[in-house]
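Predicted model, plus sequence, below.
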Amino acid sequence: MIPNKIPVIVLTGFLGSGKTTLLNRLLTDGVKTAVLINEFGATPIDQDLLQSRDIPMAVLSGGCLCCQIKGALAPTLKNLWMAWNNAATKPFERIIIETSGVASPEPILDTLLREPWLSKRYHLQQIITTLAIPSAIAQLERHAEARAQMAWADLLLLTHADLADSNEQAELIEYLNIQAPAIPTLTAALDLFEVSALHCYVPPAFRRIPDGNALPEHGFRSVSLYLEHAPSWPHLNTVLQTLLINHPDDLVRIKGVVYFPECSTPSAVHAVAGHLYPPAPLPERPNQDRRSRLVLITTSDPERLARALLINLDGGNNKASIRLH
Ligand SMILES: Nc1nc2c(ncn2[C@@H]2O[C@H](COP(=O)(O)OP(=O)(O)OP(=O)(O)O)[C@@H](O)[C@H]2O)c(=O)[nH]1
């Protein structure tokens with residue numbers, strides 16, 4: 001039966017907390033899905049990190065859906081609805097919106113629920129917020145955006161449990177003032193169908209929704225680098241580790257798609273909260289120009305970071321283009 005309104009799931013959570021990882025899991029549940037991805041950096045990366053291809057997808061990059069590019073949400077949802085409505089065989093049964101890691105959900109929900117045209121055609125099914133155990137306390141303490149993401153959650157999912165020791169887990173549980181099993185942990189074994197049926201639990205102290213007007217302007221900036229010649233992984237590893245060590249507080253996220261000379265397919269490169277992950281192989285995408293690209297998100301001067309990276313990479317000889325945002 002065709003629903004009156006298309007269900008929308010909003011996936012939120014701070015930078016690197018595991019939204020795209022969860023999205024990849026959700027896309028395997030057999031429900032035909034259209035995806036709307038919002039990225040803070042000007043150069044979109046997340047679409048290449050999705051394992052599913054050939055799904056209806058819209059990418060809004062270069063700012064947050066809650067502020068800089070808020071106006072793009074309604075037209076994008078309208079276009080998706082038109083495509084859905086005009087098709088004899090419905091191309092999707094739900095939409096998942098992955099917000100940028102620094103977006104506050106409130107303005108997004110406001111558009112979705114209060115814009116009359118949209119609210120007649122879409123209904124908000126669930127807001128899922130990911131919270132990475134090792135970095136959660138620092139992020140909640142430091143960033144109003146992380147607190148707003150938690151405050152709006154219908155479902156909170158703890159991630160990166162495998163990287164957290166028992167002390168970190170216990171500390172977070174104490175910080176949130178909850179009983180251990182009150183919030184599910186996203187592990188490979190977690191059944192997402194079961195999770196959506198779980199009662200949501202967000203500790204009351206974290207339910208306080210910051211006044212949208214009181215939310216400070218994002219203190220984040222990003223820089224995108226396109227590299228003509230990708231370095232080998234051991235070299236890039238050393239360069240990125242050095243950058244992370246030199247910028248422990250201000251360099252909050254690195255992500256990229258890199259065509260290492262030693263690999264036939266592209267690889268995803270991620271660093272979150274000072275932790276650099278081993279590269280993960282990605283499926284080859286036809287029509288891609290095979291230029292490697294990296295996005296750095298920082299609370300300091302992004303251009304200075306980009307220059308430092310290029311100098312360490314090959315003395316600045318790499319023909320790279322830099323895009324600031
Ligand atoms: N070990 C471990 N790694 C994880 C887990 N969840 C995500 N990751 C890794 O963490 C990194 C960031 O994950 P993403 O899913 O891209 O995070 P995100 O929230 O979409 O990131 P942004 O879109 O930049 O905000 C990637 O290297 C993931 O493979 C987890 O539970 N355990």
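Structure received. Numbers count the residues shown, from 1 in each chain.

What strand or helix carries the residue of the stretch 201-325 of the chain found nearest the ligand?
Nearest to the ligand in the stretch 201-325 of the chain, going by C-beta to the nearest ligand atom, is residue 270, at a distance of 3.4 Å. All C-beta spots, glycine's among them, are computed from the backbone N, C-alpha and C. Residue 270 belongs to strand 267-272 when elements are defined using DSSP states H and E.

is the ligand contacted by the helix or strand just after that strand?
The element immediately downstream of strand 267-272 (helix or strand, assigned by DSSP H and E) is strand 275-276. No: no part of strand 275-276 sits near the ligand under the criterion C-beta under 6 Å from any ligand atom; the closest distance found is 8.2 Å.

Now the residue of the chain found nearest the ligand. Nearest residue, chain neighbours left out?
Residue of the chain nearest the ligand, by C-beta to the nearest ligand atom: residue 101 (2.8 Å). Using C-beta to C-beta, 6 or more residues apart in numbering and skipping residues adjacent in sequence, the residue nearest residue 101 is residue 15, 3.2 Å away.

can you check residue 203 too?
Excluding the flanking residues, the one nearest residue 203 by C-beta to C-beta, 6+ apart is residue 176, at 4.9 Å.

One more: residue 190?
What sits nearest to residue 190 in space, not counting adjacent residues and going by C-beta to C-beta, 6+ apart, is residue 184, at 6.4 Å.

thinking that neighbour is in contact with residue 158, fair?
Yes: with contact defined as C-beta atoms under 8 Å, residue 184 reaches residue 158; the gap is 7.0 Å.

Show me which of the two is the more surrounded one.
Under the criterion of other C-beta atoms under 10 Å, the comparison of residue 184 against residue 158 puts residue 158 first, with 22 against 18.

Share the number of residues neighbouring the residue of the stretch 201-325 of the chain closest to the ligand, please.
Using other C-beta under 10 Å, residue 270 is surrounded by 19 other residues.

Contacts only, for the nearest residue to residue 63 once chain neighbours are set aside.
Counting by C-beta to C-beta, 6+ apart, residue 63 lies nearest to residue 69, which is 4.2 Å off, once chain neighbours are set aside. If you count contacts by C-beta atoms under 8 Å, 6 or more residues apart in numbering, residue 69 has them with 38, 60, 62-63.

Show me the beta-bridge partners of residue 37.
On the basis of DSSP bridges, residue 37 is bridged to residue 59, residue 98.

residues near it, how many?
Residues near residue 37, counting by other C-beta under 10 Å, number 24.

Enumerate every residue touching it.
Residues in contact with residue 37, defined by C-beta under 8 Å, 6+ apart, are 44, 46-47, 57-61, 98.

All set, thanks.
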